[in-house]
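Undergrad: what's the 3D shape of this:
(one chain, ligands or ions: 2)
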Amino acid sequence: MPCLLRNGEVIPTIDDLDENYGVKGSKILVRIDINSPIDPRTGRILDDTRIRAHAKTIRELSERGAAVVLISHQGRPGEPDFTSLEPHSKVLSDRLGMTVKFVDDVIGPAARQAIKELKPGEILLLDNTRLVSEEIIEATPEKHAGSIFVQRLAPLFNYYINDAFATAHRSQPSIVGFPMLLPSAAGRVLERELHALSKLYKPEERPRVFVLGGGKVHDTLRILEYLHANRAADRILATGLVAELFMVAKGINIGRKNIEVLEAKGILALVPRARRLLLRGLPLETPVDFVTEHNGEVRVEAVGTGIEGVIRDIGPQTISMYSEMMKEARLIVLRGPAGVIEDPRFRKGTEELVKSAAESNAYVIIGGGHLNVIASNLGLADKENMHLSTGGGALLLFLAGEDLPGLTALAKSARKFFPQLSAKHST
Ligand SMILES: Nc1ncnc2c1ncn2[C@@H]1O[C@H](COP(=O)(O)OP(=O)(O)O)[C@@H](O)[C@H]1O
Ligand SMILES: O=C(OP(=O)(O)O)[C@H](O)COP(=O)(O)O
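TA: Residues are numbered from 1 along each chain as shown. Ligands and ions are numbered 1, 2, ... in the order given. Here you go, the predicted structure:
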């Protein structure tokens, strides 16, 4: 059964691909998202959730007799978590119980040779896709189909599978270019996400409360603009650096040290956009107290005359206020931690908000790498009213009603390579 998008378009699954084209003996390029939190000091992978999530797709393709070549990004160039995928290949081998070969190349001769030599059933991971400069350019599928990245690799494959739901909001070559040239399908992670979201996400379920935090403030602001334009959120509870931005936009004094943090991260430049959203009536709440760090000392500071320490987490009053506000929701979406959860002293705010959401009567969708770890550690992974999504930004844009380029490209590919399937479901 293929995946159906909101607009009635069809995305084939692995079963459709096998039925129509035959997977045995083929060579398949699989785009996964194993972008994981990395300890900047040691380079160690701190959480393997995304790596484990893709195991099913990879094992299944290998067992069906395909030679499986995996591609993924890790971090963004210039950031401390922009690393090679070699450690990921070891973790993946371990979680799969199968050998995953690795080559420290993406489109060069070493990668192409390794791909050519790969035998049915074998698995190969290429290096970080963002080592190729074209990969950070956003362009149309047609343009990316002509990129050097896609032109070098596509002729070596029979099929393309996209299993990277968490990167489906990026219009980058590894996401949108290959489906234009190869018969393509959704992997099991993408299939599960689309299935769960279509079941869980009923537009009439209101009020909808979005709890948004974390560090990707540029992305979150863009998402808030979509959420607001599409009237997709009834209440937004801001935490993390997102909250700090909006507090500045509201004219609240967050203290010199925190302003410096925002400045260093290029977040202050976003204040006018945040202010515009507030003026247009964005229903966004900000914290009333914080846990801060001041000269090595941890304390709770109320918002008011100015905050002395560096903000690390939301405070107890904010936890109660936000938890109360979640009680009336029919759908709660959480994305991005409320504080610097890498340090256990600043994990409470995030944990308490996740717990309050889980105890509510709402459907709860948890997105993004960091919150997935928290929810899993709290034993909430299999809770009935909860969906743990591998996506963060992709999930929110999907929920805001936006078309995700990765999904659009797969649907477009289906019209070309699976015309019967598309025709059957459009009638
Ligand atoms: N107040 C804060 N100050 C600095 N960093 C923060 C703050 N709150 C959250 N963060 C950071 O945000 C990061 C996670 O953000 P993000 O990547 O957007 O989340 P996700 O991976 O879940 O989508 C974490 O590394 C965390 O330390
Ligand atoms: O971690 C990701 O997104 P997320 O933080 O929104 O969950 C994806 O791997 C996408 O990465 P990107 O936001 O650097 O394109």
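Undergrad: Show residues contacting stretch 225-240.
TA: Applying C-beta atoms under 8 Å, 6 or more residues apart in numbering, the set of residues contacting stretch 225-240 from outside is 206-215, 224, 246, 273, 277, 280, 282-287, 314, 318, 322, 325-326, 329, 336-339, 349-350, 353, 396-397, 399-402. Heads up, the C-betas are built off the backbone N, CA and C, glycines and all.
Undergrad: what do you get if the cut-off is 7 Å, keeping everything else the same?
TA: 206-215, 224, 246, 277, 280, 282-287, 314, 322, 325, 336-339, 349, 397, 399-402 (C-beta atoms under 7 Å, 6 or more residues apart in numbering).
Undergrad: Report the entries of those that also contact ligand 1.
TA: With the criterion set as C-beta under 6 Å from any ligand atom, the members of those near ligand 1 are G213, G214, G215, G336, P337, G339.
Undergrad: Just to be sure, the second one is in a helix?
TA: No - inclusion of G214 in a helix is not indicated when DSSP: H, G, I helix; E, B strand; the rest coil is applied; the result is coil.
Undergrad: surely it meets P337?
TA: Yes - between G214 and P337 a contact is recorded at 5.7 Å, counting by C-beta atoms under 7 Å.
Undergrad: Can you pull the residues that touch both of these two?
TA: Listed as contacting both G214 and P337 by C-beta under 7 Å, 6+ apart are G240, H370.
Undergrad: What residues does the stretch 301-427 of the chain have near ligand 2?
TA: Where the stretch 301-427 of the chain comes near ligand 2, counting by C-beta under 6 Å from any ligand atom, the residues are G368, G369, G391, G392, G393.
Undergrad: now the stretch 1-150 of the chain
TA: Residues of the stretch 1-150 of the chain lying close to ligand 2 (C-beta under 6 Å from any ligand atom) are D33, N35, R76.
Undergrad: Run a quick neighbour tally on the first one.
TA: Just to be clear, that refers to D33. Residue neighbour count, defined by other C-beta atoms under 10 Å, stands at 28 for D33.
Undergrad: who touches it in this structure?
TA: Neighbour list for D33: R50, S72, A164, A166, T167, T390 [criterion: C-beta under 7 Å, 6+ apart].
Undergrad: which stretch of helix or strand covers it?
TA: Secondary structure assignment for D33, by DSSP states H and E: no helix or strand.
Undergrad: With the flanking residues excluded, which residue is spatially nearest to it?
TA: A164 (3.8 Å; C-beta to C-beta, 6 or more residues apart in numbering).
Undergrad: what residues are up against the residue in the chain positioned nearest to ligand 2?
TA: Residue nearest to ligand 2 within the chain (C-beta to the nearest ligand atom): G392, separated by 2.5 Å. Neighbour list for G392: A166, R335, G336, G367, G368, G369 [criterion: C-beta under 7 Å, 6+ apart].
Undergrad: Grab the nearest non-local neighbour of the last one.
TA: What sits nearest to G369 in space, not counting adjacent residues and going by C-beta to C-beta, 6+ apart, is P37, at 6.0 Å.
Undergrad: Give me the pLDDT for the one you found.
TA: Per-residue pLDDT puts P37 at 85.
Undergrad: what does the one 4 residues further on give?
TA: In this model, R41 is scored at 84, pLDDT.
Undergrad: tell me the SS of it?
TA: For R41, the assignment made with three-state DSSP gives coil.
Undergrad: Then L237?
TA: Of the three states, L237 takes strand under three-state DSSP.
Undergrad: partners of it in the sheet?
TA: Counting by DSSP bridges, L237 is bridged to V211, E285.
Undergrad: So for the closest residue to ligand 1 within the stretch 251-400 of the chain, what pLDDT did the model give?
TA: Ligand 1 sits closest to G368 of the stretch 251-400 of the chain, with a gap of 2.8 Å, by C-beta to the nearest ligand atom. On pLDDT, G368 comes in at 87.
Undergrad: again, but for G306
TA: 84.
Undergrad: Pretty sure it sits against R256.
TA: No - using C-beta under 7 Å as the test, G306 is too far from R256 to be in contact (8.1 Å).
Undergrad: what is the rounded mean pLDDT of stretch 405-418?
TA: 97.
Undergrad: what about stretch 93-103, start to end distance?
TA: Counting by C-alpha to C-alpha, to the nearest Å, you get 14 Å between the two ends of stretch 93-103.
Undergrad: Give me the residues contacting it.
TA: By C-beta under 7 Å, 6+ apart, the list of residues contacting stretch 93-103 from outside reads 48, 51-52, 55, 58-59, 62, 85-86, 89, 92, 110-111, 114, 122-127.
Undergrad: mind listing which of those are in strands?
TA: Assigned to strands by DSSP state E, the following of these qualify: I123, L124, L125.
Undergrad: Could you double-check that L212 sits in contact with R335?
TA: Yes - at 5.7 Å, L212 counts as touching R335 under the criterion of C-beta under 7 Å.
Undergrad: got a pLDDT number for L200?
TA: As predicted, L200 sits at a pLDDT of 66.
Undergrad: what do you get for the one 5 residues further on?
TA: Among the per-residue scores, E205 shows a pLDDT of 81.
Undergrad: now G336
TA: Per the predicted model, pLDDT is 95 at G336.
Undergrad: Can you tell me how far it is from A394?
TA: Shown here: G336 relative to A394, a distance of 13 Å by C-beta to C-beta, to the nearest Å.
Undergrad: about what we covered before: tell me which of the contacts of G392 fall in strands.
TA: Using DSSP E, the contacts of G392 in strands are R335, G367.
Undergrad: Of the contacts of G392, which pair is most distant in space?
TA: Farthest apart among the contacts of G392 by C-beta to C-beta are A166 and G336. That separation is 13.3 Å.
Undergrad: Could you tell me the phi and psi values at the nearest residue to V248 once chain neighbours are set aside?
TA: Nearest non-adjacent residue to V248, counting by C-beta to C-beta, 6+ apart: V271, 5.4 Å away. When quoted as degrees, to the nearest 10, the phi and psi of V271 stand at phi -60, psi -50.
Undergrad: when you give positions from now on, start the count at 33
TA: Sure, I'll start counting at 33 from here, so that last one is V303.
Undergrad: count of residues packed around V303?
TA: By other C-beta under 10 Å, the residues close to V303 number 15.
Undergrad: Mind pulling up the pLDDT for it?
TA: We have a pLDDT of 98 for V303.
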